[in-house]
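S.K.: model this:
(one chain, ligands or ions: 1)
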Amino acid sequence: MKVVIIGAGVAGLGIGWRLLQAGCSVTILERAQPGGGASWAAAGMLAVTAELENSPEPERALALRASALWPAFAAELEEATGRAVFLNQGGALLLAGDAAELEVMRGRAEGLRIVDSAEAKALVPLLGSSLGGLWSPREAHVDNRALTEAMTIAFLKAGGVLNPNEAAVRIETRGGRASAVLTPYGRHEADAVLIAAGAWSGLLEEVPIVPVKGEVIALSPPRGAALPGPVVWGEHVYCVPRHGRLLIGATVEEAGFDTSMTEAGRHHLRACAEKLMPPLKSWSLSDHWAGLRPKSPDGLPLLGETATAGLFVAGGQYRNGILFAPAIAGEMADLIIGKVTVDPAFDPRRFLGDLHE
Ligand code: GLY
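M.R.: The predicted structure follows:
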């Protein structure tokens, strides 16, 4: 079976890798460079508690499946490529903003631990005063940029073809089935086509995915200052220790395909982080970037076949594309091969008509 995938982010690369392992022939067409979209801009959090506690059950279940797969997935990638992906299972501290939020956290605390202000400070000495919150040892993070490099290498080593700087411009059908992808450079015949183009998925066909901009900054500590061990959430930001810097994210804004870094975004992120951890006032700004999350109208992923036979979508991961990657890789590959059926909660046909009627 020949599969053409549009998009070389963590979704496209992961699904492509699993399809190759299942004996398919796979070509990925990437409009820019592999792993250069949301997979690059993310902070790499596997935030199974912080991002998903209020999500519908099917999405929580997907997150838990993915979270359980992460250690073996990281080990398999590292073994296949000799590259580290820096999976860090150091947990996360979710601070309550007020007494009401702390009460909500108490209700969510099944299997997790409520910590008071002193315990929170013991976990993260940089904290200012706090009401305490929820300690989630099952939260983790991964270096998403190292991850996409490793996934690219794994995909190529497994025999995949990857064409960077080759944007898909049209999907052709024959007899009602997706049959080829056209680009400015040629025509790629396929038995199945997968759109996994992140925020750009909506540009290609009638896929209802919109970009949601997020700005992130990185702070570097003064000599001798220690980074927090766990990820810290509070004051509307998350703080992720990564290779000697603290990543602070993220703004949330529907601004089309604008990825400019703004003074307002930088100021907001820095002010929130300093309120949370006052010693950060003496840390220096070492980086600032922005990326585009792919969001569907109901906020849930689109995972499955569209109303056009042979045309699949893996999109709308919104804030959790890195977390979901190992589950989406295996489950979408099985779906394309025809081994499993789509989860109705994620069925792209809840939004899409037949694209070529
Ligand atoms: N998951 C982090 C973010 O979307 O900002």
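
S.K.: okay, which residue is most central for the chain?
M.R.: Centroid check for the chain by CA atoms, centre = their mean gives G321 as the closest residue, at 2.1 Å.

S.K.: tell me who's in contact with that residue.
M.R.: Contact analysis of G321 by CB atoms under 8 Å, 6 or more residues apart in numbering lists 9-11, 38-39, 42, 198, 293-294. Backbone N, C-alpha and C define where each C-beta goes, glycine included.

S.K.: hang on, isn't L93 packed against V232?
M.R.: Yes - between L93 and V232 there is a contact at 5.2 Å, judged by CB atoms under 8 Å.

S.K.: who touches both of those two?
M.R.: Joint contacts of L93 and V232 (CB under 8 Å, 6+ apart) are V124.

S.K.: neighbours of the nearest residue to A345 once chain neighbours are set aside, how many?
M.R.: Spatial nearest neighbour of A345, excluding adjacent residues (CB to CB, 6 or more residues apart in numbering): P58 at 3.6 Å. Residues lying near P58 (other CB atoms under 10 Å) number 14.

S.K.: ok, E57 to V342 distance?
M.R.: Note on E57: its distance to V342, by CB to CB, to the nearest Å, is 16 Å.

S.K.: so those two - more neighbours on which side?
M.R.: V342 (17 against 8).

S.K.: verify the contact between that one and L302 for me.
M.R.: No - here V342 does not reach L302: they are 9.7 Å apart, not a contact under CB under 8 Å.

S.K.: ok, residues contacting the helix or strand where A11 lies?
M.R.: A11 belongs to helix 10-21 when assigned by DSSP states H and E. Applying CB under 8 Å, 6+ apart, the contact partners of helix 10-21 are 1, 3, 5-6, 26, 28, 30, 34-35, 39, 144, 147-148, 151-152, 154-155, 158-160, 194, 196-198, 314-315, 317, 321-322, 324-326, 328-330, 332-334, 336-337.

S.K.: 6 Å instead, please
M.R.: 3, 5, 26, 28, 39, 151, 154-155, 158-160, 196, 314, 325, 328-330, 332-333 (CB atoms under 6 Å, 6 or more residues apart in numbering).

S.K.: could you measure V231 against P279, distance?
M.R.: 17 Å.

S.K.: how about the residues of the stretch 51-200 of the chain near the ligand?
M.R.: With CB under 6 Å from any ligand atom as the criterion, the stretch 51-200 of the chain comes near the ligand at residues E51.

S.K.: just the element for the residue of the stretch 51-200 of the chain found nearest the ligand, please.
M.R.: Taking CB to the nearest ligand atom as the measure, the stretch 51-200 of the chain has E51 as its residue closest to the ligand, at 5.6 Å. Using DSSP H and E, E51 sits within no helix or strand.

S.K.: give me the neighbour count for it.
M.R.: When neighbours are counted by other CB under 10 Å, E51 comes out with 19.

S.K.: leaving out chain neighbours, which residue sits closest to it?
M.R.: The nearest residue in space to E51 (CB to CB, 6+ apart) is R319, at 5.3 Å.

S.K.: run a quick neighbour tally on that neighbour.
M.R.: Using other CB under 10 Å, R319 has 23 other residues around it.

S.K.: pretty sure it is touching L52, no?
M.R.: No - applying CB atoms under 6 Å as the test, R319 and L52 come out as separate, 8.9 Å apart.

S.K.: need the residues touching each of these two.
M.R.: Common neighbours of R319 and L52 (CB under 6 Å, 6+ apart) do not exist.

S.K.: what sits against V231?
M.R.: Applying CB under 6 Å, 6+ apart, the residues contacting V231 are 92, 139, 240.

S.K.: which residue in the residues you listed has the weakest pLDDT?
M.R.: pLDDT is lowest at E139 among the contacts of V231; the value there is 93.

S.K.: all helices of this structure, in order?
M.R.: Applying DSSP state H to the chain gives helices spanning 10-21, 38-41, 57-81, 99-108, 117-123, 144-157, 201-204, 263-276, 321-337.

S.K.: what packs against the second one?
M.R.: The one in question is helix 38-41. helix 144-157, strand 284-295 (3 or more CB pairs under 6 Å, 6 or more residues apart in numbering; DSSP states H and E).
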